[in-house]
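> sequence and predicted structure, then a few things I'm wondering about:
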Amino acid sequence: MDGRVVARHGHHQVEVEDGAGRRVPCRLHGRKLLVVCGDGVRWGYDAADPAQGIVYELTPRRATLARLASSGQSEPVVANLTQLVAVVAPLPVPDWFVIDRYLAGAAWCGIRAVIALNKAELGVPGAIASELAVYTAVGYRIVATSARAAPGIGALAAELGANISVLVGQSGTGKSSLLNALVPEARAVTQEISVASEEGRHTTTTAVLHRLATGGDLIDSPGVRDYSPPLPAIRDVGSGFVEIARAAAGCRFQDCLHAREPACTVRAAVEAGTIHGRRFESYRRLVELAREFAARFPERRGRDRVR
Ligand SMILES: Nc1nc2c(ncn2[C@@H]2O[C@H](COP(=O)(O)OP(=O)(O)OP(=O)(O)O)[C@@H](O)[C@H]2O)c(=O)[nH]1
Ligand SMILES: [Mg+2]
Ligand SMILES: [Zn+2]
């Protein structure tokens, strides 16, 4: 039968949803099979134990959110997405570099990205409002949400629509709380952020997919401390930053890295303030990372292209 993986538990156990929406625990046939939440699979019931299934093969993946592992390899996290929702909150204090990397990763795998500002009922500190204005200016959609009070989750539900969306971001921003507000039967575990560190406690440990009443799907994922997507070739890093890609059209050299080249319209825009300095710094750090990985793992050059 055809099915879809809605959760992975460890390396050899997954949960598969059948055509009727039933969720069946399954083991993987063969050790080489690497499946993640969202994967389409071929599976069947286990003759020896009809309460269990066996996954035999993976169907080809469409847009996959992956992470760059320290081994230099690209590790799939969630497969077959159409949208990424980066969740930030007044607390924990946002790490905008992490947000930029998710947005770039979404761009490289060809999916839409939006930013959700959760815990909005607490009020939005000026520093966060001005960062968010930078994203609005370059064209990202921002939705204010609250899992507890007004403004609620109406705007987020509208943004999710029929998409297959994943909630990503730092631990403690309220991803699982938003999921519970949208899909009460999900009953995802949530936990107060630590008083001492003002950071989340990494409560969610595995990505799980839930069906939305709107016809879309929502995947809750574990919060991160840091994240990097698999990186394209160095000269393509700028394509993950809308405003940099746009301004780069005017650079004298087609493969301009916007570092020290003459007649660079990107650097001119940074100096003029039309490209935000922190976004440019985000870009610069990713170029450095791409350079470092290309040097450390020359055999992988060009292989981990996300598209
Ligand atoms: N004030 C307020 N608190 C919220 C809101 N949403 C979530 N919280 C609280 O924030 C804390 C963290 O929420 P979680 O939903 O566990 O956060 P998470 O992003 O899933 O965290 P990880 O699973 O660790 O990544 C909990 O104490 C929630 O009750 C909100 O809209 N407003
Ligand atoms: Mg969670
Ligand atoms: Zn340039």
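Yes, it's here. Numbering: from 1, shown residues only. Ligands and ions are numbered 1, 2, ... in the order given.
> break this structure down into its structural domains.
2-58, 65-220, 234-300 (automatic domain parsing).
> any chance of these in TSV, with mean pLDDT and mean neighbour count too?
For every residue, glycine as well, the C-beta is placed using N, CA and C. Converted to TSV, the domains of the chain look like this (pLDDT from 0 to 100; neighbours: other C-beta atoms under 10 Å):
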stretch	mean pLDDT	mean neighbour count
domain 2-58	94	16
domain 65-220	96	19
domain 234-300	96	16
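> and those as JSON lines, adding distance to Ser228?
Listed next are the domains of the chain as JSON lines, based on distance: least, C-beta to C-beta, whole Å:
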{"stretch": "domain 2-58", "distance to Ser228": "17"}
{"stretch": "domain 65-220", "distance to Ser228": "4"}
{"stretch": "domain 234-300", "distance to Ser228": "6"}
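> for ligand 2, which of the ones you listed is the nearest?
domain 65-220 (3.1 Å; C-beta to the ion).
> from the rest of the structure, what touches the helix or strand harbouring Ala104?
Using DSSP states H and E, Ala104 maps to helix 96-108. Contacts with helix 96-108, where a contact means C-beta atoms under 8 Å, 6 or more residues apart in numbering, come from 65-66, 84, 86, 88, 112-113, 115, 131, 135, 140, 168-170, 224, 226-230, 232, 237, 239-242, 278-279, 281-283, 285-286, 306-307.
> go again with 6 Å.
Leu84, Ala86, Ala113, Glu131, Val168, Tyr227, Ser228, Pro229, Gly240, Ser282, Val306 (C-beta atoms under 6 Å, 6 or more residues apart in numbering).
> who does the top strand by length along the chain pair up with?
Counting residues, the longest strand in the chain under DSSP state E turns out to be strand 49-58. Here strand 49-58 is paired, per DSSP bridges, with strand 23-28 (parallel), strand 40-46 (antiparallel).
> chain center to it, what's the gap?
28 Å (C-alpha atoms, centre = their mean, to the nearest Å).
> alpha carbons of that strand, in CSV - could you do that?
Only the C-alpha atoms of strand 49-58 are listed here, as CSV (Å, rounded to 0.1, in the frame of the first residue of the first chain):
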residue,chain,number,x,y,z
ASP,A,49,2.0,-9.2,13.9
PRO,A,50,-1.0,-7.5,12.2
ALA,A,51,-0.8,-4.6,14.6
GLN,A,52,2.4,-3.6,13.0
GLY,A,53,3.5,-2.8,9.5
ILE,A,54,6.7,-3.0,7.4
VAL,A,55,8.0,-0.2,5.2
TYR,A,56,9.6,-1.5,2.1
GLU,A,57,10.5,1.5,0.0
LEU,A,58,10.6,5.2,-0.2
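> which residues sit against it?
16, 24-29, 35, 39, 41-43, 45-46.
> Pro25: what's it in contact with?
By C-beta under 6 Å, 6+ apart, the residues touching Pro25 are Glu15, Gln52.
> do you have the strands of the stretch 1-150 of the chain handy? List them.
Ranges of strands within the stretch 1-150 of the chain are 2-9, 13-17, 23-28, 40-46, 49-58, 65-68, 74-78, 83-88, 112-117, 141-144, based on DSSP state E, counting those that start in this stretch.
> can you give me the offset of the third one from its chain's centre?
Relative to the mean C-alpha coordinate of its chain, strand 23-28 is positioned 25 Å out (C-alpha atoms, centre = their mean).
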